[in-house]
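Asks: return a 3D structure for these sequence lines:
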Amino acid sequence: MHILVIPSIYPTKYQSKATFIKEQVNTLADHIEKIGLIYPSFIEPANLDNSILKKIEIQKSSQNFNIYYYYSKAWIPRRPHGTLGQWLRAGRKLFKEYITNEGLPDVIHVHFSLNAGALALEIFNRYKIPFIITEHWSAHGQGTLKKWQIKKINEIFSHVYKIIAISLYQQKILSKNFEKFENRITYIPNMINTDFYNVKKIHFKKGYTFRFICISALIKNKGVSYLIHAINKIREMNIHLDIIGDGQDFDILSTLIKDLKLQNKINLLGYLPQDQVKQQIQKSHALVHPSLFETFGIVIIEALSCGKPVIVTRCGGPEYIVDDQNGILVEKADVDDLARGMMHVMENYNNYNGILLHEDIESQFSDLKVTKKIINLYQQIINQ
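Replies: Numbering: from 1, shown residues only. Okay, here's the model as predicted:
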């Protein structure tokens, strides 16, 4: 079995987005004969290194498979189809180099319909290599797709073998938006290493500081400003909040914390590597996820796997994960309800069973269980 992965976004030495895709590919590499990955990467001018531009770079992953990168300068698109044409040109070069060195794959696994799905469609039309798509894109649920994008996705979906929705919510949205392809849409969730995210339940005693944690990109639609205002609502309580993440709103949120004089209640920790994120989760009592829209919400299952209850907004995918056994759902963009939810979890904290929280996540989202489902899908395609 030879699988080629084509993601629309993937971690590089210049950015750390989409680590969940990297973790999935690394896990799959341990269970199949051969896997490879190609990724056209567009670099912001601030990070520009002209010596690597428009060159194919082959890196050996930690799991000993080859990753083919093609680096280009990021630019502001003036064409109606954005950067799709530039992405496809780079992708064609990468695929040609890949098959010269590695041979033709049996199946192509795409992450995000655009832009990677468009490249997989071109390859299918020429080489008849079947492909599947794991669709992570939140634009489907937010209703922000442009007409040309909808037209292109319909063309891609008309040739794809299977469309993997990463949440039951995403499956519902995709089935509604692309009804004629409903029989091709299946649910396989994102995965985590539940051995890595292990239980460390901290008992809470009255009089001690209750520690909340938020792990999020610091951009407007993640709702972190509402969380800061919610902390301000209950500032008289013995609480503390650590916020992990980076993004364009970092300075805005930092100023908000100062304006509300919450420096002794809230720490903005910025980006942290995975092992340090886990340590911060384990030092906390509960996770708060104030997002305005979420297709899945992987940090929620990471926290639950560590035995931590969660306070999560009704924002899409997480509504199918969170219940009164593992936390509480609150209204999005509602400071008062968010503050009430945080107080509820504080008051009931010792009633949550960390071991049961972990076991529930392990039964649904462990890397081994999800990997088995994906490999079974590969095998179906190869055997047809």
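Asks: how about the secondary structure of Ile243?
Replies: strand (DSSP: H, G, I helix; E, B strand; the rest coil).
Asks: give me the number of residues near it?
Replies: Neighbourhood size, Ile243 [other Cβ atoms under 10 Å]: 24. In short, each C-beta sits where N, CA and C put it, glycine included.
Asks: look up which residues are beta-bridged to it.
Replies: On the basis of DSSP bridges, Ile243 is bridged to Cys214, Leu268.
Asks: mind checking pLDDT for the closest residue to Asn177 other than its chain neighbours?
Replies: The shortest distance from Asn177 to any non-neighbouring residue, by Cβ to Cβ, 6 or more residues apart in numbering, is to His140 (5.9 Å). According to the prediction, His140 has pLDDT 95.
Asks: isn't His140 right next to Ile173, touching?
Replies: Yes - His140 lies in contact with Ile173 (Cβ atoms under 8 Å); the separation is 5.1 Å.
Asks: what about the stretch 1-150 of the chain, any weak spots by pLDDT?
Replies: 44-52, 75-82 (pLDDT under 70).
Asks: repeat that with 80
Replies: Within the stretch 1-150 of the chain, the segments meeting pLDDT under 80 span 14-16, 43-54, 73-82.
Asks: and the helices in it?
Replies: In the stretch 1-150 of the chain, the helices defined using DSSP state H, counting those that start in this stretch lie at 19-29, 84-102, 118-127, 139-142, 147-157.
Asks: so which of the ones you listed is nearest Ile257?
Replies: helix 19-29 (26.4 Å; Cβ to Cβ).
Asks: that closest one: which residues count as buried?
Replies: Using 16 or more other Cβ atoms under 10 Å as the test for burial, helix 19-29 gives 20-29.
Asks: make JSON lines out of these and add distance to Glu57.
Replies: Formatted as JSON lines, the buried residues of helix 19-29 follow (distance: Cβ to Cβ, whole Å):
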{"residue": "Phe20", "distance to Glu57": "23"}
{"residue": "Ile21", "distance to Glu57": "18"}
{"residue": "Lys22", "distance to Glu57": "16"}
{"residue": "Glu23", "distance to Glu57": "21"}
{"residue": "Gln24", "distance to Glu57": "22"}
{"residue": "Val25", "distance to Glu57": "17"}
{"residue": "Asn26", "distance to Glu57": "19"}
{"residue": "Thr27", "distance to Glu57": "24"}
{"residue": "Leu28", "distance to Glu57": "22"}
{"residue": "Ala29", "distance to Glu57": "19"}
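Asks: which one of those is nearest to Ser291?
Replies: Closest approach to Ser291 among the buried residues of helix 19-29 (Cβ to Cβ): Phe20, at 15.5 Å.
Asks: contact partners for that closest one?
Replies: Phe20 makes contact with 190, 298, according to Cβ atoms under 8 Å, 6 or more residues apart in numbering.
Asks: mind running it again at 10 Å?
Replies: Taking Cβ atoms under 10 Å, 6 or more residues apart in numbering, we find Phe20 in contact with 11, 111, 136, 166, 190-192, 296, 298-299, 302.
Asks: tell me the spacing between it and Asp251.
Replies: Distance, Phe20 to Asp251, by Cβ to Cβ, to the nearest Å: 27 Å.
Asks: which residues does the residue lying closest to Ile328 once chain neighbours are set aside contact?
Replies: In space, and not counting its chain neighbours, Ile328 is closest to Gly341: 4.7 Å by Cβ to Cβ, 6+ apart. Residues near Gly341 by Cβ under 10 Å, 6+ apart: 230, 286, 288, 290, 310-313, 327-331, 334.
Asks: look up phi and psi at Gly341.
Replies: phi -60, psi -40 (degrees, to the nearest 10).
Asks: strands along this protein, start to end?
Replies: Ranges of strands in the chain, per DSSP state E, are 2-7, 34-43, 56-60, 66-73, 107-111, 131-135, 162-165, 185-187, 210-215, 239-244, 266-270, 286-289, 310-313, 327-330.
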